[in-house]
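K.L.:
everything below, folded, please.
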Amino acid sequence: GHNDAERLLEVILEALAVTAGVDVEMPRTGRRTPNQFTTFVAPELGRALRRSTTPFVLVFDDVHHLRSQLGLDMLDALVHNVPAASTIVLIGRSEPQLPLASQHAHGRATTVTTEQLSLDPSEIRAVAEAMGAQFDDSVLEDLIRDTGGWPLGVHLIGGALVEADDAMPGSRRTEADAVTTAQHYIEEEWLRGLEPADAELLRRVSGLGWVSGALCDHVLGWSDSGIRLERLHRDGLLVAPLDRREDFFRVHQVIRDALDESFQRKDRRAHREVHQRASAWFESTGDIDRAVEQALRVGDVEHAERLVVQHGASYHTTGRTQTVKRW
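P.N.:
Model (predicted):
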């Protein structure tokens, strides 16, 4: 709703009055024209903020939802005029479309990325225990493996552990239970609002582990998966790039398991076909280990057996004995 410039202006003025004691005089003229926002409203906001003598922190959450140029103009006026003793915080799943290069160059802006927010093992334990989860080191290892330090994943799985212990003290909720807990949250909070085809792409390929445009095009029969993956990373942080060129992406394991479980439950035949086609694609690229993994993920033992028999000897002779033992 804050894409409506009048509504956004109203909440900004209220926040500045309460937080910073800033009184911005805006004539009540009904709905303003775009030109009035550009030539009067945004500059006046900047001047008023620059006059503030009360240190403050002003937080804008979910800024990735702000798309209107008029709203972005007002935000731009604020961040370029914030007094030295104060801070404006912009939180979102993608960077807002603001010219911040000069602010970074002069040390007036700092970017905190998802990588910097990842939790280390001690922090994962601290967060889960603060939620009331009690577990041993083996469960901590599972949390580290399943979440990769992703705070939301730790929160979701930690919550599942707490619910399990409340329902039956001393019990251990399985990974599948935690996945079930995550499904509704992910559908409502992360997938709602995506283009239907983008959401469908995620549901169908999440279980593949890491993905690329070529792999997704092959298993889905599409031709634009690479563009969609780039958009999912840029606009929603739903996938993370694995290389600098952003050709390969991974899905957070908590999201991956939840979506793959949902896909399998809704259309078991299509789920099996996606993984079989992925197995064939990995085989064609020479990645036999992942080809075996994808075949076994849907119980295609016959195909996995053929791969092991065909490639086991060469893996043995090139020092990959442990991989063959795992097969």
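K.L.:
and Q69, how many neighbours?
P.N.:
By the criterion of other C-beta atoms under 10 Å, Q69 has 15 neighbours. Any C-beta I mention is one placed from the backbone N, CA and C, and that applies to glycine too.
K.L.:
continuing past the helix or strand of the chain with the lowest mean pLDDT, what's the next helix or strand?
P.N.:
Ranking every helix and strand in the chain by mean pLDDT, DSSP states H and E puts helix 175-185 at the bottom, with a mean of 66. Going down the chain from helix 175-185, the next helix or strand is helix 196-205, by DSSP states H and E.
K.L.:
now do the buried residues in that following helix.
P.N.:
Within helix 196-205, the residues that count as buried by 16 or more other C-beta atoms under 10 Å are 198-205.
K.L.:
any low-confidence regions in the protein?
P.N.:
Along the chain, segments meeting pLDDT under 70 span 27-30, 164-182, 236-237.
K.L.:
now the strands for it?
P.N.:
57-60, 87-90, 210-212, 239-241, 248-251 (DSSP state E).
K.L.:
which elements pack onto the third one?
P.N.:
For strand 210-212, the elements it packs on are helix 225-236, strand 248-251, judged by 3 or more C-beta pairs under 8 Å, 6 or more residues apart in numbering; DSSP states H and E.
K.L.:
most packed of the ones you listed?
P.N.:
Burial of those is given as mean neighbour count (mean count of other C-beta atoms under 10 Å); strand 248-251 ranks first at a mean of 20.
K.L.:
from the contact counts, what lies against that one?
P.N.:
Using 3+ C-beta pairs under 8 Å, 6+ apart, strand 248-251 sits against strand 210-212, helix 225-236, strand 239-241.
K.L.:
ok, which of the strands of the chain comes nearest R290?
P.N.:
strand 210-212 (8.6 Å; C-beta to C-beta).
K.L.:
so what strands line up beside that closest one?
P.N.:
Looking at strand 210-212 with DSSP bridges, its partner strands are strand 248-251 (antiparallel).
K.L.:
give me the distance between the partner strand and the centre of its chain.
P.N.:
11 Å (C-alpha atoms, centre = their mean, to the nearest Å).
K.L.:
quick thing: my sequence starts at 496, can you match it?
P.N.:
New numbering, starting at 496: the last item is strand 743-746.
K.L.:
please report how far the residue lying closest to R772 once chain neighbours are set aside lies from F532.
P.N.:
The shortest distance from R772 to any non-neighbouring residue, by C-beta to C-beta, 6 or more residues apart in numbering, is to V714 (4.3 Å). Taking C-beta to C-beta, to the nearest Å as the measure, V714 falls 47 Å from F532.
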